[in-house]
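K.L.:
Here's my sequence, what's the structure:
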Amino acid sequence: MTRIISGTAGGTRLTVPTSGTRPTSDRVREALFSSLESTGMLEDTAVVDLYAGSGALGLEAISRGAAVCDLVEKSQKAAQVARRNAEAVARATGVRAAVHAAAVQTFLRSAARTYDVAFVDPPYDLADDTLTADLALLGPRLAADALVIVERATRSGAPQWEAAGMRPVRDRTFGDTALWWGEPAV
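P.N.:
Okay, here's the model as predicted:
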């Protein structure tokens, strides 16, 4: 069972698509959001959750104080699940995430908003050059002090931050899952 861990919507159960997604474990989400809260990066911020799946990362951010959240998911079935989850979280928080049933690069080419926090949780088999292209398109949509968190398999290696116009900040490993933090190289 996936649920919102903490915040205004804490305990809200989230539906997970039956296939095609890999939900972030509660352990990884708790560590990630504890770090984000300690930096003050969630309160009244704009968040984008790329490759959103169920929307758990973006919706957790709303529960913990984010003001705006865009969930981007290419799979129509997963986007429908994310919409239902966004409605459940909106009932608890009053903040409704916008769900975009679109490919990440398509969304980023037309997005007009500036984001403070970006979650990038692609399928583990996503090619490095595709991830780099995603990050490069994301860069112009980021605030100068934004954080980008990429979740991938440890064996995939770190994102190519420099090639995407960003710089690495830190990383943390949880078994086969790794979180890499980056920021705009302004």
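K.L.:
Burial check on the closest residue to Lys74 other than its chain neighbours, number of neighbours?
P.N.:
Closest residue in space to Lys74, ignoring its immediate chain neighbours: Ala103 at 4.8 Å, by CB to CB, 6 or more residues apart in numbering. The way it works is simple: take the backbone N, C-alpha and C, and place the C-beta from them, glycine included. If you count neighbours by other CB atoms under 10 Å, Ala103 ends up with 15.
K.L.:
can I get the CA coordinates of the helix or strand where Leu36 lies in PDB?
P.N.:
Following DSSP states H and E, one finds Leu36 within helix 26-39. Written as PDB, here are the backbone C-alpha positions of helix 26-39 (Å, rounded to 0.1, in the frame of the first residue of the first chain):
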ATOM      1  CA  ASP A  26       8.000   4.700   1.700                       C
ATOM      2  CA  ARG A  27      11.500   4.500   3.100                       C
ATOM      3  CA  VAL A  28      13.000   6.500   0.200                       C
ATOM      4  CA  ARG A  29      10.200   9.000   0.200                       C
ATOM      5  CA  GLU A  30      10.500   9.600   3.900                       C
ATOM      6  CA  ALA A  31      14.300  10.200   3.600                       C
ATOM      7  CA  LEU A  32      13.800  12.500   0.600                       C
ATOM      8  CA  PHE A  33      11.100  14.600   2.200                       C
ATOM      9  CA  SER A  34      12.900  14.800   5.500                       C
ATOM     10  CA  SER A  35      15.800  16.300   3.700                       C
ATOM     11  CA  LEU A  36      13.600  18.700   1.700                       C
ATOM     12  CA  GLU A  37      11.800  19.900   4.700                       C
ATOM     13  CA  SER A  38      15.000  20.600   6.600                       C
ATOM     14  CA  THR A  39      16.000  22.900   3.700                       C
END
